[in-house]
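*Asks:* with the input below, show me the fold.
(one chain, ligands or ions: 2)
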Amino acid sequence: MADKDIVRPEGAAEDWTIPQGWDRYSPAEHAMWDRLFDRQARMLPGRVAPEFLKGLDILRLSKPGIPDFDELSERLMKATGWQVVAVPGLVPDDVFFDHLANRRFVSGNFIRTPEQLDYLQEPDIFHDVFGHVPLLANPVFADYMQAYGQGGQRAAQHGAIDRLARLYWYTVEFGLINTVEGLRIYGAGIVSSYGESVFALDDASPNRIGFDLRRLMRTRYRIDDYQQSYFVIDSFEDLLDQTLRTDFAPIYSDLAGTADIAPEELLPDDQLHSRGTQAYALSKAETA
Ligand code: PHE
Ligand code: FE
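*Replies:* Numbers count the residues shown, from 1 in each chain. Ligands and ions are numbered 1, 2, ... in the order given. Predicted coordinates for the structure are as follows:
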């Protein structure tokens, strides 16, 4: 994801890309990928959107070891015309949008340490590649991500980047999808997290609210812990319909001046899949 006040590190190209440096990963770093991969691969069937598992398959994303971006990009290019490029960490908004608009997904090239197994602040290669890249092999989701990049360039002109960032957060990072077999996870922030893969789907604590673009764009989110509300899309086609084929400019002006909605708050018009108890967030608040 993107960030504002950061300086381009020495050695990064003008578009902020760096070589992945695949040859420089240590055996311990490759082993960390395998450990994370195993744990998630065992947990995901029956929890994740089928399109995600299909993407793992198409891209032959697996063990052993950290994927080489050149090989990964070659397969991804064949599937949907996307590539994966390495960056040193978070990049400025305009750089991020430009890469997406050109079907390049930016990924960190470093992997978490054993101390960071379950929690780290900056997205590492496991989050970026395992979490995000499988769905880029899906043609509909691939179009959504490109359109998001183009939408970012427009949002910047309307001073509405924060609203559009909420859309990314509640879909690309923390989205749920409704299927005939029940709710499934697809957001990369959930899919790459052992704890949240269970929490988002099975825990009584969070709200699960039917996707509503305007409502979502007013909703603040948490960056420090599990989400208090998740938004549920009906299908990737439907998500594309409501975004790519919708002009956001009038929405941005309608929403200007409206009050934000708190992460746990429910509204009378919400289409609820489940009303959360917020027990988890409340217990955390007590001990804090
Ligand atoms: N249609 C949006 C706009 O008019 C752009 C967009 C598309 C944003 C897809 C997000 C996802 O700005
Ligand atoms: Fe991410």
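
*Asks:* excluding residues flanking it in the chain, which one is nearest the residue of the stretch 151-288 of the chain found nearest ligand 2?
*Replies:* In the stretch 151-288 of the chain, no residue comes nearer to ligand 2 than Ala188, which is 4.6 Å away by C-beta to the ion. Using the backbone N, CA and C atoms, a C-beta is placed for each residue, glycine as well. Closest residue to Ala188 apart from its sequence neighbours, by C-beta to C-beta, 6 or more residues apart in numbering: Gly131 at 3.1 Å.

*Asks:* ok, the one you found to Leu36 distance?
*Replies:* Counting by C-beta to C-beta, to the nearest Å, the gap from Gly131 to Leu36 is 10 Å.

*Asks:* who's more crowded, those two?
*Replies:* Legend: neighbour count by other C-beta atoms under 10 Å for Gly131 and Leu36, higher for Gly131 (24 against 21).

*Asks:* re the thing from before, contacts only, for the residue nearest to Ala188.
*Replies:* Pro123, Ala188, Gly189, Val191, Ser192 (C-beta atoms under 8 Å, 6 or more residues apart in numbering).

*Asks:* now do the SS call for Thr171.
*Replies:* Of the three states, Thr171 takes helix under DSSP: H, G, I helix; E, B strand; the rest coil.

*Asks:* how about the residues of the stretch 101-250 of the chain by ligand 1?
*Replies:* Within the stretch 101-250 of the chain, the positions lying close to ligand 1 (C-beta under 6 Å from any ligand atom) are Tyr144, Ala147, Tyr148, Gly151, Arg154, Leu167, Thr243, Leu244, Thr246, Asp247, Phe248.

*Asks:* now those residues: which count as buried?
*Replies:* Using 16 or more other C-beta atoms under 10 Å as the burial test, these include Tyr144, Ala147, Tyr148, Gly151, Arg154, Leu167, Thr243, Phe248 as buried.

*Asks:* where does the prediction get shaky in the stretch 151-288 of the chain?
*Replies:* Applying pLDDT under 70 to the predicted model, the residue ranges of the stretch 151-288 of the chain that meet it are 288.

*Asks:* what does it put close to ligand 2?
*Replies:* Taking C-beta under 5 Å from the ion as the measure of proximity, the stretch 151-288 of the chain contacts ligand 2 at Ala188.

*Asks:* which SS class is the residue in the stretch 151-288 of the chain that ligand 1 sits nearest to?
*Replies:* Using C-beta to the nearest ligand atom, the point where the stretch 151-288 of the chain gets nearest to ligand 1 is Gly151, with a distance of 2.6 Å. Using three-state DSSP, the secondary structure recorded for Gly151 is helix.

*Asks:* equivalent analysis for the one 3 residues further on, please.
*Replies:* At Arg154, secondary structure determined by three-state DSSP is helix.

*Asks:* just give the nearest non-adjacent residue to it, would you?
*Replies:* With C-beta to C-beta, 6+ apart as the measure, Phe248 is the residue that lies nearest to Arg154, at 6.8 Å, once sequence neighbours are left out.

*Asks:* hmm, back to that, what about the residue nearest to Ala188, distance to ligand 2?
*Replies:* Plainly put, Gly131 is 6 Å away from ligand 2 if you go by C-beta to the ion, to the nearest Å.
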